[in-house]
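K.L.:
Here you go, sequence then predicted model.
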Amino acid sequence: MDETGARTLADTVGALFHEVHRGIREQVEGVDRQALNWKPHPDANSVAVLVVHTLGSEREMIRAVRMLSTERDRPAEFKAEADAADLIALVDQADRELDEHVGALTAADLTEMRPRGDRPPKPGLEWLLSNYGHAREHLAQIQLTKQLYEAR
């Protein structure tokens, strides 16, 4: 893959993640703290947990693709509580970091094997696409959790 093709792919992936961020923002803006921290079932996740986890996973993944170390407390993500302003601030930060990292992606980052935590290495593009799918799944969970809260 040449650098022009890599730039096109990186920019496309970045735009897709920004779309997820817009979706998250739309789901949490103006929503009260109780709704954001409500769980439809004891073993389910709240909207706040889903947002914190989704953005934490994205951050760790894109840094791994760029071969940058990341401190992440994944278990803490599943205990998160937040209000709308907290979550919007996290999305804003994720937007800034995404722009920085997408802008720096190279053809090697996309095509070469990249380790990620204790998982087997995969090409960077595979990590990016897999994590985008993960983020879209959680955006749908956020939407459903919000609907369940409103219908209770």
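P.N.:
Thanks, I have the structure now. What you see is a predicted model, and the numbers here were worked out from it, not measured in a lab.
K.L.:
Which parts of the protein are strands?
P.N.:
Taking DSSP state E as the test, the strands found in the chain are 113-116, 119-123.
K.L.:
Quick check: buried residues in the last one?
P.N.:
Under the neighbour-count criterion of 16 or more other C-beta atoms under 10 Å, strand 119-123 has Lys122 buried. No exception for glycine: its C-beta is placed from N, CA and C like everyone else's.
K.L.:
follow-up on the earlier one: out of the strands of the chain, the one nearest Pro42 is which?
P.N.:
When the strands of the chain are compared by C-beta to C-beta, strand 119-123 sits nearest Pro42, at 28.6 Å.
K.L.:
So in that sheet, which strands flank that closest one, and in what orientation?
P.N.:
Each strand that pairs with strand 119-123, with its direction, by DSSP bridges: strand 113-116 (antiparallel).
K.L.:
hmm, who's touching the strand it pairs with?
P.N.:
Taking C-beta atoms under 8 Å, 6 or more residues apart in numbering as the criterion, the residues outside strand 113-116 that touch it are Glu60, Met61, Ala64, Val65, Met67, Pro121, Lys122, Pro123, Gly124, Trp127.
K.L.:
Among those, which one is most surrounded by other residues?
P.N.:
Of all the contacts of strand 113-116, Gly124 has the most neighbours under the rule other C-beta atoms under 10 Å, reaching 29 neighbours.
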